[in-house]
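[1] generate a structure from the sequence data that follows.
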Amino acid sequence: MSKNVLVLCTGNSCRSQIADGYLKAFSPEGTNVYSAGVETHGVNPKAIETMNDDGVDISGNTSNHVDEYANVDFDFIITVCDNAKERCPYFPSKAQKFHFNFPDPAKATGTEAEIKASFESTRDMVKTYIKEFVSAYL
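    Numbers count the residues shown, from 1 in each chain. Reported below is the predicted structural model:
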């Protein structure tokens, strides 16, 4: 039976997009993966770049607003930042909810190398989390 998984973040530009990419890469066939934000900021080019570095292409992803999925019956909802958890609209849903507050690489400052390292660090944390989630629940 296919499962519907929603990854929710503030702007649906970095952390949720990275999680979306890994969910699609690691989940069994038939898993429907959605990602959304409580706002839409567009997909961050550095998120696309850092995922490409790990062999996952998210360049075709779009930044979606959570309201677009109001009629989807989710099995799992994963919030990847505290702001989204606090602002997440109420879903009349039986979905199991998961939460992990990943650092926001889009807020990183410093040299290009330091910013890139911040994206890679968050990407690697999300990858580990998603692998464990898929193993345990999908």
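
[2] could you list the low-pLDDT ranges of the chain?
    Low-confidence segments of the chain (pLDDT under 70): 84, 87-92.

[3] need the helices for it, in chain order.
    Secondary structure of the chain, counting by DSSP state H: helices at 15-26, 45-52, 82-87, 112-137.

[4] most packed of those?
    helix 15-26 (a mean of 26; mean count of other Cβ atoms under 10 Å). No exception for glycine: its C-beta is placed from N, CA and C like everyone else's.

[5] circling back: would TSV of the helices of the chain with distance to Asp104 be doable?
    Putting these into TSV (distance: least, Cβ to Cβ, whole Å) gives the following:
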stretch	distance to Asp104
helix 15-26	7
helix 45-52	11
helix 82-87	9
helix 112-137	8
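
[6] nearest to Gln96, out of those helices?
    Closest approach to Gln96 among those is made by helix 112-137 (7.6 Å; Cβ to Cβ).

[7] which secondary structure elements does the closest one contact?
    Packed against helix 112-137, as judged by 3 or more Cβ pairs under 8 Å, 6 or more residues apart in numbering; DSSP states H and E, are the following elements: helix 15-26, helix 45-52, strand 76-79.

[8] try 7 Å this time
    Contact here means 3 or more Cβ pairs under 7 Å, 6 or more residues apart in numbering; DSSP states H and E; on that basis helix 112-137 packs against helix 15-26, helix 45-52.
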